[in-house]
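Undergrad: coordinates for the following, if possible.
(chains A and B)
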Amino acid sequence: MALRLQGLTKYYGSHRGVEGLTLDVRPGEVFGFLGPNGAGKTTTIRMILGLIHPTRGRGEVLGLDIVKDSVRLRAQVGYLPGDLALYDRMQGRDLLEFVGRMRGGVPSAHYEVLAERMQLDLSRRIKDLSRGNRQKVGVIAAFMHSPRLLVLDEPTSGLDPVVQQEFQRLVRETVDAGATVFLSSHVLAEVEEMADRVGIVVSGELAVVDSVDMLRERASRRVELDFPAAPPDLTGAPGVQRVAVHGATATCWITGPAGPLLKVAVDHGVVDIHTHDPDLEDAFLGYVTAGES
Amino acid sequence: MSTAALPVPHLVPQVLTLTLRTLRDRWRSTFGWGLGLVLIGVMQLAVYPSVASSSEGMQAFVDQWPEALQQAFGLDAYTTGAGFLNAEMFSMMIPLVLIALATTAAAAATAGEEERGTADLLLSLPVGRSRVMAAKVAAGGIAVLLVAGATWLTIAVGAPLVDLDIAAGDLAAGMLMTTLLALLFAAVTLLIGAATGKRTVALGVGVGLALAAFLLNALAPLADWLEPWQDASPFQWALGSEPLVNGVDLPMAGLLLGLSALLVVAADVVYHRHDIGGR
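TA: Next comes the predicted model:
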């Protein structure tokens, strides 16, 4: 396994960070680690990097223990912190050279090429860079040594859409070259686009792990039905999970085929139908609300 | 390319890289404190001829003071070269500036990185915390030695020009004992910083202890009840034997150095267990 967590638990005093996290990330996959802010995503990542120590449980990266083999582990990992802080007085180039030296020497060509791709001026001082450009420095620092595991905490925050696309291409290329990606985010769209599998963490506990396709299949789709007058009662129609009525419009959340519902609607003289793509956001929010209640 | 294990970097180049990085990060503050001490040294040397030329009057004036006060302000041999330097530079200015420089460097070492958030970047690299500690201690030590060395050079070169009689070796002994004193308080600061990750807490404890030790040493001769406690002050350990006259006090130098080393080892142990705080 590229990453294996077994019952990983972190308490800050009596405050729970994460509890009993068990998770396998396969080599070569992009694993989306989803959850609302404060769910324990960053706590988990900081344990993997050895910045904080687990209260209980254990973890491995490529067979290296997150506590005992932390330094060797970190040699294999590229990390982009969620709350990125850099040495502000340095130029971008000096910072990347420093990071490269601390990694035992990374040829300057590696980060020069990446800087060109991300259109980043390495001669500027970091404190003079915009938030998006600082984030680019962080991305390059995480990718430049061709790590075997990339741990990315909210990676595209602050990046403009064009750069986000370039970033996603970079992630795909890195995966194609054999690396594994552990991608944390509270933004579903970001994960949905890149991840093969997703784990959803809520209040410090893992709510579900599944492929993006399976989640999408299970996710309810939204169908809006306009009727000439007050809508009929659709709660009993096959596949309907939930119904909300506003005036003459009934909004239904359905799983499975839409045919049976549409048949009932047609029978009641439906005027217009709006369907929406299955949305992981709904699945995500479903888990979050279920987990928090 | 991503399937072969990436090697762990070698010790020496890694520690050297971080040491140089830290020195570059702190050179402004180091240069500032150094320049300050050098200028104070130049100023004191400049006024020495007028002190020496009125030496009888000056000594008579000083002699009127109660003996305890003379001791407290290091005035008991004011008009000799060593006495003058002791009173004007070594009893307060040099130790306090070196302590300020050393403790700020120690507080910045781990706690400062943590507060700025750069510890996340640094410690996500394949570098053990002991290596980080070693590099930070080396950088802080070099900064203090550079400032102490510049001050020594200024006085050693300037003293003959104003007929101030001090042996370069005795001057070096005074500088060394003062440097060791500063390192002790820096080591305390380092330990608190490694344990708490809070720069201001570390600096507060380190500087607070230093000021308490300074006041204890200065005021002990003035109060009977305080006098037995003077030996508890590291200022007394470092400067009580008058190194400007008697050279290095080896047992006391060993005590200061040994205690500092113990504190650094303790800081390293504590740092390993410390959870790096997120911002």
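
Undergrad: phi, psi for the residue in the stretch 51-200 of chain B positioned nearest to chain A please.
TA: Per Cβ to the nearest Cβ, B:Gly117 is where the stretch 51-200 of chain B lies closest to chain A, at 2.9 Å. To be clear about C-beta, it is placed using only N, CA and C from the backbone, and glycine gets the same treatment. Main-chain dihedrals, B:Gly117, degrees, to the nearest 10: phi 90, psi -10.

Undergrad: surely it meets A:Asp83?
TA: Yes. With contact defined as Cβ atoms under 8 Å, B:Gly117 reaches A:Asp83; the gap is 6.3 Å.

Undergrad: the two - which one has more neighbours?
TA: More crowded of B:Gly117 and A:Asp83, by other Cβ atoms under 10 Å in any protein chain shown: B:Gly117, with 17 against 12.

Undergrad: quick one: that one from A:Thr42, how far?
TA: According to Cβ to Cβ, to the nearest Å, B:Gly117 and A:Thr42 sit 12 Å apart.

Undergrad: same check, this time on A:Val223
TA: Remark: distance between A:Val223 and A:Thr42 (Cβ to Cβ) = 37 Å.

Undergrad: now swap in A:Gln168 and tell me
TA: From A:Gln168 to A:Thr42 the distance is 22 Å (Cβ to Cβ).

Undergrad: just give the number of residues close to the closest residue to chain B within chain A.
TA: Chain B sits closest to A:Ala85 of chain A, with a gap of 2.9 Å, by Cβ to the nearest Cβ. If you count neighbours by other Cβ under 10 Å, A:Ala85 ends up with 19.

Undergrad: kindly report the same for the one 3 residues further on.
TA: Using other Cβ under 10 Å, A:Asp88 has 14 other residues around it.

Undergrad: same deal with A:Val266?
TA: 11.

Undergrad: let's verify it: helix, strand, or coil?
TA: Using DSSP: H, G, I helix; E, B strand; the rest coil, the structure places A:Val266 in helix.

Undergrad: in the chain, where is pLDDT below threshold?
TA: The chain I'm using is chain A. Residue ranges of chain A with pLDDT under 70: A:277-283, A:285-286, A:288-293.

Undergrad: wait, chain B
TA: Checking chain B against pLDDT under 70 turns up B:1-3, B:55-56, B:71-77, B:278-279.

Undergrad: which residue is nearest the middle of it?
TA: B:Ala182 (2.3 Å; Cα atoms, centre = their mean).

Undergrad: can you tell me the closest non-neighbouring residue to it?
TA: Spatial nearest neighbour of B:Ala182, chain neighbours left out: B:Leu98 (3.8 Å); criterion: Cβ to Cβ, 6 or more residues apart in numbering or on different chains.

Undergrad: before we move on, what about B:Val144?
TA: The shortest distance from B:Val144 to any non-neighbouring residue, by Cβ to Cβ, 6+ apart, is to B:Ala102 (4.9 Å).

Undergrad: figure out the helix or strand that that neighbour lives in.
TA: Assessed by DSSP states H and E, B:Ala102 sits inside helix B:93-107.

Undergrad: now swap in A:Thr22 and tell me
TA: Using DSSP H and E, A:Thr22 sits in strand A:15-25.

Undergrad: that strand and chain B, are they touching?
TA: No. Against chain B, strand A:15-25 shows no contacts by Cβ under 8 Å from any Cβ of the partner chain, the least distance being 10.0 Å.

Undergrad: for that strand, which positions count as buried?
TA: A:Arg16, A:Gly17, A:Val18, A:Glu19, A:Leu21, A:Leu23, A:Asp24, A:Val25 (16 or more other Cβ atoms under 10 Å in any protein chain shown).

Undergrad: just the buried residues of the helix ranked longest in chain A, please?
TA: Ranked by residue count and defined by DSSP state H, the top helix of chain A is helix A:161-176. Across helix A:161-176, burial judged by 16+ other Cβ under 10 Å covers A:Val163, A:Gln164, A:Glu166, A:Phe167, A:Gln168, A:Leu170, A:Val171, A:Thr174, A:Val175.

Undergrad: what's the answer for stretch B:193-203, then?
TA: Applying 16+ other Cβ under 10 Å to stretch B:193-203 flags B:Gly193, B:Ala194, B:Ala195, B:Thr196, B:Gly197, B:Lys198, B:Arg199, B:Val201, B:Ala202, B:Leu203 as buried.

Undergrad: what about it, distance to the chain center?
TA: Between the centre of stretch B:193-203 and the centre of its chain there are 18 Å (Cα atoms, centre = their mean, to the nearest Å).

Undergrad: then stretch B:187-207?
TA: Remark: stretch B:187-207 is offset 15 Å from the chain centroid, using Cα atoms, centre = their mean.

Undergrad: tell me how far the ends of it are from each other?
TA: From its first residue to its last, stretch B:187-207 covers 11 Å (Cα to Cα, to the nearest Å).

Undergrad: near chain A, anything from it?
TA: No. If you take Cβ under 8 Å from any Cβ as the test, stretch B:187-207 misses chain A, and the best it gets is 11.1 Å.

Undergrad: what's that stretch in contact with?
TA: Outside stretch B:187-207, the residues within contact range by Cβ atoms under 8 Å, 6 or more residues apart in numbering or on different chains are B:99-100, B:102-104, B:106-112, B:114-115, B:133, B:136-137, B:140, B:185-186, B:209, B:259-261, B:263-264, B:266-268, B:270-271, B:274, B:276-277.

Undergrad: before we move on, back to that, pull the CA atoms of the strand holding A:Thr22 into CSV?
TA: Output of strand A:15-25 as CSV, limited to C-alpha atoms (Å, rounded to 0.1, in the frame of the first residue of the first chain):
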residue,chain,number,x,y,z
HIS,A,15,-10.5,17.4,22.4
ARG,A,16,-10.8,14.8,19.7
GLY,A,17,-8.8,15.5,16.5
VAL,A,18,-9.4,12.2,14.7
GLU,A,19,-10.6,8.9,16.0
GLY,A,20,-9.8,5.4,14.8
LEU,A,21,-9.0,6.3,11.2
THR,A,22,-8.4,3.1,9.1
LEU,A,23,-7.6,3.6,5.5
ASP,A,24,-5.7,2.1,2.6
VAL,A,25,-4.5,4.1,-0.4
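
Undergrad: what sits up against that strand?
TA: The list of residues contacting strand A:15-25 from outside it, by Cβ under 8 Å, 6+ apart, reads A:1-11, A:31, A:40, A:43-44, A:47, A:57, A:180, A:182, A:199, A:201, A:203-206, A:209.

Undergrad: are any of those residues buried, and if so which?
TA: Among these, those classed as buried by 16+ other Cβ under 10 Å are A:2-5, A:8-10, A:31, A:40, A:43-44, A:47, A:57, A:180, A:182, A:199, A:201, A:203-206, A:209.
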